[in-house]
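Student: I'd like to go over a predicted model; first the sequence, then the structure.
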4 protein chains.
Amino acid sequence: MCRWLAYSGTPILLESILYRPTHSLIDQSLHAKMGVETTNGDGFGVGWYGADKDTPAVVRDIGPAWSDHNLQEIAGHVRSPLFFAHIRASTGTPVQQTNCHPFRHGRWMWMHNGAIAGFHRLRRDLALAVDPGLYSDIKGSTDSEMMFYLALTLGLEEDPPGAVARMAGLVERTGHQHGVEFPLQMTVAVTDGARLWAFRYSSQKESRSLFYSTRVETLRSLHPDLAFLHEISDETRLIVSEPLGDLPGAWNAVPEGTYGVVQPGEDEMHAFAPVAA
Amino acid sequence: MCRWLAYSGTPILLESILYRPTHSLIDQSLHAKMGVETTNGDGFGVGWYGADKDTPAVVRDIGPAWSDHNLQEIAGHVRSPLFFAHIRASTGTPVQQTNCHPFRHGRWMWMHNGAIAGFHRLRRDLALAVDPGLYSDIKGSTDSEMMFYLALTLGLEEDPPGAVARMAGLVERTGHQHGVEFPLQMTVAVTDGARLWAFRYSSQKESRSLFYSTRVETLRSLHPDLAFLHEISDETRLIVSEPLGDLPGAWNAVPEGTYGVVQPGEDEMHAFAPVAA
Amino acid sequence: MCRWLAYSGTPILLESILYRPTHSLIDQSLHAKMGVETTNGDGFGVGWYGADKDTPAVVRDIGPAWSDHNLQEIAGHVRSPLFFAHIRASTGTPVQQTNCHPFRHGRWMWMHNGAIAGFHRLRRDLALAVDPGLYSDIKGSTDSEMMFYLALTLGLEEDPPGAVARMAGLVERTGHQHGVEFPLQMTVAVTDGARLWAFRYSSQKESRSLFYSTRVETLRSLHPDLAFLHEISDETRLIVSEPLGDLPGAWNAVPEGTYGVVQPGEDEMHAFAPVAA
Amino acid sequence: MCRWLAYSGTPILLESILYRPTHSLIDQSLHAKMGVETTNGDGFGVGWYGADKDTPAVVRDIGPAWSDHNLQEIAGHVRSPLFFAHIRASTGTPVQQTNCHPFRHGRWMWMHNGAIAGFHRLRRDLALAVDPGLYSDIKGSTDSEMMFYLALTLGLEEDPPGAVARMAGLVERTGHQHGVEFPLQMTVAVTDGARLWAFRYSSQKESRSLFYSTRVETLRSLHPDLAFLHEISDETRLIVSEPLGDLPGAWNAVPEGTYGVVQPGEDEMHAFAPVAA
């Protein structure tokens, strides 16, 4: 479906993560190993927080990431402590900028890998469940953006894990009403610019892959020679659809039905399950 | 806002109408004279009926028409008896293919110049009024496509003038409910591949310009030397946002609050007014 | 590198060949089996001859073919007796329309799969060898277009096989002067709208794959039940980078160092070798 | 033809100059007042120097600037002490990223408004005059990029005013050899990231408009209430194709046949004339 990456930590040039690693996200746009498709060429997006504003910049385009010069220029000159990047393989909705991730609402960003099964049939009922005051802010036609607006409707800005659980519950109930057995498949990342939440869940308990990077201090003791590890803070963390390389001990699978929080201080990991909205 | 053109008659190469006239639609993309904006550079579309299928081909793209090579190639090699062409000046919705005209549903094509005032506020209520079975076929985010799906919901395929009148009534009522004084501004063309309807209406009775071409036999007697007029049938008719040139006697304004029908046999013109849906 | 397809025969809708076969060219844009890369997502083009003009229409765009709506619309409504289609995997030059195949000069079309090795170093010397009167008609920056203009310079319009042989000789000599051991890798199709030539050659004698379809009357006796084979003339012929499906007996490899001519009457196949320009 | 803007001074968000002024460059993309065309919709580009690298970032795209979301995002989040921005109205060459300004070579950036008259005829001779080692770095097909590579060939990196004068001389001589009376029309900006040179010249002595901003300290005394003027350093300077607004005393025409240097310390202005290469 898609591949994504979320970074939080020492401010770095985006290219350090997007282009430099052996199996970088850009490499995954042509040669994904763990996805349903090897090619993720239906658009891309990058969103980053900077020093000047609370709201992130979001740059998205409809061509493949592997040949995009502008993405390369931005990644080579923009430094950020918190950014998202996403490459898209459409599950049917049009290839257009408004369907590319990440999606933004005020300070918040959201990106998704997966799908709502039978979305064509469910779309109207889900749209009706969106807060009428938010409805007209939906710019595109994807299930992913709909999930974001449902989560916003259900309290994302106050309680992200609770709102995502209620969104998942609503999608599953709506799906079941329309005879869809396994309505939801998702790995989701969401952030307000300070904290970062990542979710792995699917109705069928066969979720798309998701990995988080090992604590930097542990990696330093495993690989004392890697200069890069001495340039980033202990708090630096990456969450990715698939590992960016083969560094032993660097990557850990997020368990099925789990969400994690990357934040100042200790990060956390908890069980995730949909709840009735 | 936008400019459009509808042709019905002797099969001709699209370029004869799109590129050749002095003040062709392509010229209007840079230098419109009668529009709110002189520039219509936010995408374009062309839809034509061919010999092989009932459904029209629809080609749309997001760049300006004036520099589009593909449009020029198609126009230079495709011959059709009935085609629509549209150049867009966005009134706020994104520049993407799914927001370009003409819109298609089965055999039907629809294009629009104008706007629903306060659309951002009205959008949800209007969407709810669309037939649930059609809702998920809405691909873009424009007021124009919404008007098409409302008209389809309200009987376009059986009674086009009646359905458009009910659509206009619904839009006005919804607008008034939201405090919009003059909700609708439209010139619309719609066709099923056999007949062609064109509407000029606005809540404020200050509608965008619309013209239809004089009967070919009349033009022949006015301009006996124009070879072109001897190559096209008596039934040939053009409807345009603004005249394609200065040929005396060639263009007639569609009156305010009027619709016309181009069809085999005599064409017709009638008064148009919204009705309660 | 790339994949291409050339059709000559009974006028058909382009989609019959571009989209309908199991392993169609559009399928090959995501899942090529015999290419250096499985993905050919760096633009596409289609060129066809119609009833109105000697010069072909050429439509090209920079996105992947698999998600392009306009290509699908054109293919579903345009009928032609002779057309080219090409999907691109860039070997380094920019993804832009002027670098997409087929290339056109007057009535002539040219498309290519392969590369000139070390083109960056050879480019200037090759450009100098182009007829000064043609130099400024070069619109893009690919080796493929350069090969076309060299062949035009060396007599393509009078003697296509001879001109291509001289072009190949010139490229090899220029390459050797710059220390490139195996300068040329090519399968090329070229047509004037009446006849069609296809070449398979590489300096290293390891050319990209190329296939031609079996004579229609032979296919009919092999597969008497296939209705499609009764709708096309005996003269119908396809040349493709890789077979469009698994029909037994349908596809034959063009031998290494060979060119074929598809023409009214008997088609031909001859040995091909570069000659001194 | 085109419009451009060069900024040097206190690091600011690009949007402060690109979007905020009344008659900003983005406004000029739709409503230029002093250009040959009012519309500059054939692509755009922005290039900026950042804190991390000597080479500037260059982002360019082929749609109109007025509707480009990515440009708006970048301009709203990138801060730079030295940047170029350009909106294009093509004089015939294709609308593609490689034809958009600014052009970059190592640390250097170049942008141009104007044209080489008869460029189609002169193109080959000019290309031959480019240093063979630079020839293959030419990515697009514009006269503007050719001028840049000729200037690089003729010593731009050592002596910018001298190299531009020699380039202008070469273009004029080549034009005259081909019977072009007035070969060159240009306003050009070029920078190495530290200093900035701007040239106004045309063979006919009727050059496109060019303006530079008044010294900040003078503006402060003229407009003591303008807070903005207290936030920028005395060294801040803008050079623009046409004024960004109506502030009395803010803009000064660059005289015909003149170049200016913006640099640490006193800026300079000198007469400019082509010299034999």
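Tutor: Noted; the coordinates are in hand.
Student: what about A:Glu181, distance to chain D?
Tutor: A:Glu181 sits 38 Å away from chain D, going by C-beta to the nearest C-beta, to the nearest Å. C-beta coordinates here come from the backbone N, C-alpha and C atoms, glycine included.
Student: burial count for that residue?
Tutor: Neighbourhood size, A:Glu181 [other C-beta atoms under 10 Å in any protein chain shown]: 10.
Student: same check, this time on A:Phe84
Tutor: A:Phe84 has 29 nearby residues by other C-beta under 10 Å.
Student: Using CSV, write out every CA atom in the strand or helix carrying A:Trp4.
Tutor: Assigned by DSSP states H and E, A:Trp4 belongs to strand A:3-13. Presented in CSV, the C-alpha positions along strand A:3-13 are these (Å, rounded to 0.1, in the frame of the first residue of the first chain):
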residue,chain,number,x,y,z
ARG,A,3,5.4,3.3,3.3
TRP,A,4,6.1,6.0,5.9
LEU,A,5,8.6,7.3,8.3
ALA,A,6,8.5,9.5,11.4
TYR,A,7,11.5,11.1,13.0
SER,A,8,11.8,12.9,16.3
GLY,A,9,15.0,14.0,17.9
THR,A,10,18.1,16.1,17.2
PRO,A,11,17.4,18.5,14.3
ILE,A,12,18.9,17.0,11.2
LEU,A,13,18.8,17.5,7.4
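Student: pLDDT on it, on average?
Tutor: Per-residue pLDDT over strand A:3-13 has a mean of 95.
Student: So which bits of stretch A:51-63 are buried?
Tutor: Using 16 or more other C-beta atoms under 10 Å in any protein chain shown as the test for burial, stretch A:51-63 gives A:55-63.
Student: next helix or strand past the lowest-mean-pLDDT helix or strand in chain A?
Tutor: Here the helix or strand of chain A ranked lowest by mean pLDDT, DSSP states H and E is helix A:228-231, holding a mean of 84. From helix A:228-231 onward toward the C-terminus, using DSSP H and E, the following helix or strand is strand A:237-240.
Student: which helices and strands does the helix or strand following that next one pack with?
Tutor: Later in the chain than strand A:237-240, the nearest helix or strand by DSSP H and E is strand A:251-253. Here strand A:251-253 touches strand A:211-213, going by 3 or more C-beta pairs under 8 Å, 6 or more residues apart in numbering or on different chains; DSSP states H and E.
Student: related to what we said a few turns ago, tell me which strands and helices the strand holding A:Trp4 is in contact with?
Tutor: helix A:15-18, helix A:25-31, helix A:69-77, strand A:79-87, strand A:108-116, strand A:184-191, strand A:196-202, strand A:237-240.
Student: Contact residues of chain A facing chain C?
Tutor: A:30, A:37-39, A:41-42, A:62-64, A:67, A:69, A:90, A:94-95 (C-beta under 8 Å from any C-beta of the partner chain).
Student: Show me these that map onto helices.
Tutor: Within these, residues falling in helices by DSSP state H are A:30, A:69.
Student: which of the residues of chain A next to chain C are close to chain B?
Tutor: A:Pro94.
Student: Chain D: which of the residues of chain A next to chain C is nearest?
Tutor: Top of the list for closeness to chain D, among the residues of chain A next to chain C and by C-beta to the nearest C-beta, is A:His69 at 6.6 Å.
Student: Surely that closest one is in contact with D:Gln97?
Tutor: Yes. Between A:His69 and D:Gln97 there is a contact under C-beta atoms under 8 Å: 6.6 Å.
Student: one step back: between the helices and strands packed on strand A:3-13, which has the poorest average model confidence?
Tutor: The minimum mean pLDDT among the helices and strands packed on strand A:3-13 belongs to helix A:25-31 (a mean of 90).
Student: helices or strands next to it in the packing?
Tutor: On a contact count with 3+ C-beta pairs under 8 Å, 6+ apart, helix A:25-31 meets strand A:3-13, helix A:15-18, strand A:79-87.
Student: Indicate whether the second one makes contact with chain D.
Tutor: This means helix A:15-18. No. Contact of helix A:15-18 with chain D (C-beta under 8 Å from any C-beta) is absent, the minimum separation being 10.0 Å.
Student: List the contacts of that helix.
Tutor: Contacts of helix A:15-18 with the rest of the structure, by C-beta atoms under 8 Å, 6 or more residues apart in numbering or on different chains, involve A:5, A:7, A:24-26, A:46, A:71-72, A:75-76, A:85, A:238, A:244.
Student: so can I have CSV of the residues you listed showing neighbour count and distance to D:His270?
Tutor: Formatted as CSV, the contacts of helix A:15-18 follow (neighbours: other C-beta atoms under 10 Å in any protein chain shown; distance: C-beta to C-beta, whole Å):
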residue, neighbour count, distance to D:His270
A:Leu5, 24, 51
A:Tyr7, 26, 49
A:Ser24, 20, 48
A:Leu25, 26, 49
A:Ile26, 24, 46
A:Val46, 29, 43
A:Leu71, 26, 40
A:Gln72, 19, 38
A:Ala75, 25, 40
A:Gly76, 18, 35
A:Ala85, 27, 47
A:Leu238, 20, 53
A:Leu244, 22, 53
